[in-house]
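1. the sequence isn't on hand, but the structure is:
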């Protein structure tokens, strides 16, 4: 970074950082043990929440200049927000992080990889669902045409970094292009009365690469008694933009979504990705300086609910649920827990499945290291964090690791692959797991009824 | 900035990865938990063992470079702010529990071990390490010893000092000494162990400690007593002690404190009460039951409008955990919280609480008070904004009066947080000029070059360092 660039970043810090929020940190240090990077760097204060806030404030106050090391500290943060629930002063660390990244990345000349990453993915692909479908379609072609086998056999993949190579192996088999385009937009409850009307936030990645999980979510909502609308004009939530210092673009996505969902009068807006949900509930804060939008954003935020929450609210877990005997453990989605305070419900749902023995792993709420695109841009730290996670998961002897966010799901699968455990262990999204449990219990019930009928 | 040859010498001792002097590292070690104090060091150094500590100290002594030993930086007296630059020395590589001796009931630890880990290790073998400063889940034992930290159990069990049996210390000249041992009795020479407990890192660096453990109490009960006025609560405290009952914990919280703590912890604390006592007794079940009954009666007799006993361990745990967050939770109300720990003989608690209220009114400040009422250690906490210079001036005046009042009542300017930079201007109130002079002479005898944590406890040192460039 040259001097001019540093000056630009410094002014951006002064303009964009919420100084009251910075002042709220009393530096008590209660956040330190909750921070994965503080722990994994062997207690380096630079890589702690308290240290990062001090650095941000130091740059604003002009005590230090925004050097490479300052940027590195901000970059190395996972954004998991584990420091928020343990902060007695109630500092909104996630917001400070977004402001700091915005200040850095909007004032700094991007490096080539950053340009490619942001130019192609954040600006052009994620905001346009048709392009997401196009890209996922290519992946589908790659997986189905034999190209994947060819690539794996020829060793072409060896040219990529280790994380990406393993990641390529664990990607789900994605739907075909036609399937992605033909999603029904209005559905009624199945085999039960209508209890709520909800809108489904289908997400960009979830509705393409993880479309199966989205289908399962809709089915669960139907079984739980929901009438569902899936607004066609909705867009990506903007979390990836917000977390990477592209707040302006995130605001655009927010406005599109508010408009898309206002039209359908619903009780709740349901999400099945912790990361998206946590960003959606922040829309009001994101648009707080925009008088035309702030109130509308508040109305939107008030309706956001994670799928696990509504299932518990509608007593879905009191219906028969069953799966083959197995030990199951749960990996919290950081943004579901720290951003939406939802951590009891997934456990409650899992514990109500007959056949499932739920075993909590140590530090279940510590980040798995996925953190959006963190596992690609900060691969080394991400893998270090993942190794710790897998160590804890293995101690539970679980056959299944359940997660509640697509990033966590891929990362956990990656962990299983890296440990060479893909034969004994699997990672699933909680929605897929619950649907399987519901359908199995129902099949069993039908068989039992048929047997009973035959005996009469 | 360290001079190049000094920097190279330090790197030769601890390795390149353990000397950091980029601007992010300097900033990250420029503060502790004390509001309004910050100063950049010249480097952060992380030795890997006591021999490296000794070698680093020798280099610093030769070049007159200040050394600030720092644990997790949770102290509240600006005790680890590197106000005169130099190196901040941290213990991230020295965090082993070396031994639990269940015949002599001791635990031997390195300085970087978290206090909570010591308690948990003791509990696993049915033993108990009582000192529990508010930040114990993150504070390091070396820091606790250097600050002689107190906590919620001080009344019955004493403070860190009462559990330190022996120390390993690197002296300011780089020599390593051992003091004390696994001994209940030891009168061989000056009690250097006690001298170093609470020395705030001004006399040397503690690298290891032998700590006393005691048997784990069999049971514990927790109670809340609620009051319509502050003084009734303070009088209850005096009544309990006067009736020959020593509770394990006897904490006092005023209404503002209860409200913010509840706001954070959401466990149903009684926010309608003007004052709350959190009382804990431990020991044999029948003794605990009898004491709790007596305490409840005494509280009611002293105008408590309600007395609630926690039904389960979890409930009790929640109450004490919530109390630990009081200070940080108070900071939700205003950007800056400045807290003191004026301490009086416990019979004077009511008078002190009243005086704090009057002083706050006089200067029109918001001062919330909570603290360890049972041992007379109060935490008047002023909620303010560091950006408002006029108000800060008033805050300083108010605290000066609070200190004077505490000393007048036979108390002290600081019960458990230490002097550091924060109470340096007031030390003479308690120690007296001759007492202060005696302390200065000890300091000079042990650390003639004044490299150890300079600027703390006594007025800043003016001699120019030869190891750093401005």
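-> Nice, I can see it. Everything numeric in this text was worked out from a predicted model, so none of it was measured.
2. got the phi/psi numbers for whatever residue of the stretch 101-250 of chain B ends up closest to chain A?
-> Nearest residue of the stretch 101-250 of chain B to chain A: residue B:138, at 5.1 Å (C-beta to the nearest C-beta). For every residue, glycine as well, the C-beta is placed using N, CA and C. Backbone torsions for residue B:138, taken as degrees, to the nearest 10, come to phi -130, psi -20.
3. what about it, how many neighbours?
-> As a burial measure, residue B:138 scores 19 neighbours (other C-beta atoms under 10 Å in any protein chain shown).
4. how close does it sit to residue A:354?
-> 42 Å (C-beta to C-beta, to the nearest Å).
5. ok, now residue A:121?
-> Residue A:121 is 43 Å from residue A:354, by C-beta to C-beta.
6. tell me which of these two has more neighbours.
-> Relative neighbour count places residue A:121 above the other of residue A:121 and residue A:354, with 17 against 13, counting by other C-beta under 10 Å.
7. can you name the residues that contact that one?
-> Contacts for residue A:121 (C-beta atoms under 8 Å, 6 or more residues apart in numbering or on different chains) come out as residue A:240.
8. for it, which three-state class applies?
-> Following DSSP: H, G, I helix; E, B strand; the rest coil, residue A:121 is assigned to helix.
9. measure it to chain B for me?
-> From residue A:121 across to chain B, the span is 29 Å (C-beta to the nearest C-beta, to the nearest Å).
10. what about residue 141, how many residues nearby?
-> If you meant another chain, say so; for now it's chain A. Neighbours of residue A:141 using other C-beta under 10 Å come to 14.
11. oops, chain B please
-> With other C-beta under 10 Å as criterion, residue B:141 counts 31.
12. equivalent analysis for the one 10 residues further on, please.
-> As a burial measure, the neighbour count of residue B:151 was computed by other C-beta under 10 Å and equals 25.
13. list the contacts for the nearest residue to residue B:11 once chain neighbours are set aside?
-> Once flanking residues are discounted, residue B:11 sits nearest to residue B:19: 5.2 Å by C-beta to C-beta, 6 or more residues apart in numbering or on different chains. Contacts for residue B:19 (C-beta under 8 Å, 6+ apart) come out as B:7, B:10, B:11, B:43, B:44, B:45, B:46.
14. again, only using 6 Å
-> Residues in contact with residue B:19 (C-beta atoms under 6 Å, 6 or more residues apart in numbering or on different chains) are B:10, B:11, B:43, B:45.
15. quick one: it from chain A, how far?
-> Using C-beta to the nearest C-beta, we find residue B:19 at a distance of 13 Å from chain A.
16. and that residue, what are its bridge partners?
-> On the basis of DSSP bridges, residue B:19 is bridged to residue B:45.
17. for it, give me the pLDDT.
-> On pLDDT, residue B:19 comes in at 98.
18. next: residue A:153.
-> 66.
19. need the residues of chain B near chain A, please.
-> Residues of chain B lying close to chain A (C-beta under 6 Å from any C-beta of the partner chain) are B:22-25, B:27-28, B:31, B:33, B:72, B:74, B:92, B:138, B:264, B:325, B:328-329, B:331-332, B:335.
20. quick one: which of those sit in helices?
-> Among the residues of chain B next to chain A, the members found in helices (DSSP state H) are B:23, B:24, B:25, B:27, B:28, B:264, B:328, B:329.
21. which of those sit farthest apart?
-> For those, the maximum inter-member distance is 33.6 Å, found between B:23 and B:264 (C-beta to C-beta).
22. and the residue of the stretch 201-350 of chain A nearest chain B?
-> Closest point on the stretch 201-350 of chain A to chain B, by C-beta to the nearest C-beta, is residue A:341, at 10.8 Å.
23. quick one: that residue from residue A:300, how far?
-> 18 Å.
24. cool, and residue A:243?
-> 20 Å.
25. and what of residue B:246?
-> Applying C-beta to C-beta, the value for residue B:246 to residue A:300 is 57 Å.
26. higher neighbour count, the two?
-> residue A:300 (23 against 13).
27. list the contacts of the residue of chain B found nearest chain A.
-> Closest contact between chain B and chain A, by C-beta to the nearest C-beta, is at residue B:328 (3.1 Å). Residue B:328 is in contact with A:26, A:28, A:88, A:89, counting by C-beta under 6 Å, 6+ apart.
28. which residue is the nearest non-sequential neighbour of it?
-> Per C-beta to C-beta, 6+ apart, closest to residue B:328 is residue A:88, 3.1 Å.
29. which SS class is the one you found?
-> Reduced to three states with three-state DSSP, the structure at residue A:88 is coil.
30. so what's the residue count around it?
-> Residues near residue A:88, counting by other C-beta under 10 Å, number 23.
31. just checking, residue A:45 touches residue B:26?
-> No: using C-beta atoms under 6 Å, residue A:45 is not in contact with residue B:26, being 10.7 Å away.
32. so where's chain B uncertain?
-> For chain B, applying pLDDT under 70 flags the ranges B:460-465, B:470.
33. any idea how it splits into domains?
-> Domain segmentation of chain B under automatic domain parsing yields B:97-215, B:219-408.
34. between the two ends of the shortest one, how far is it?
-> Read that as domain B:97-215. 19 Å (C-alpha to C-alpha, to the nearest Å).
35. please apply the same query to stretch B:156-174.
-> Distance between the two ends of stretch B:156-174: 38 Å, counting by C-alpha to C-alpha.
36. hmm, who's touching that stretch?
-> B:53-54, B:57-58, B:61, B:130-131, B:144-145, B:148-150, B:176-181, B:193, B:196-197, B:204-212, B:246, B:248, B:447, B:451-452.
37. in it, what's buried?
-> For stretch B:156-174, a neighbour-count test (16 or more other C-beta atoms under 10 Å in any protein chain shown) marks B:156-157, B:159-160, B:163-174 as buried.
38. the more surrounded of residue A:45 and residue B:26?
-> residue A:45 (30 against 25).
39. for residue B:189, grab phi and psi.
-> The phi/psi pair for residue B:189 (degrees, to the nearest 10) is phi 90, psi -170.
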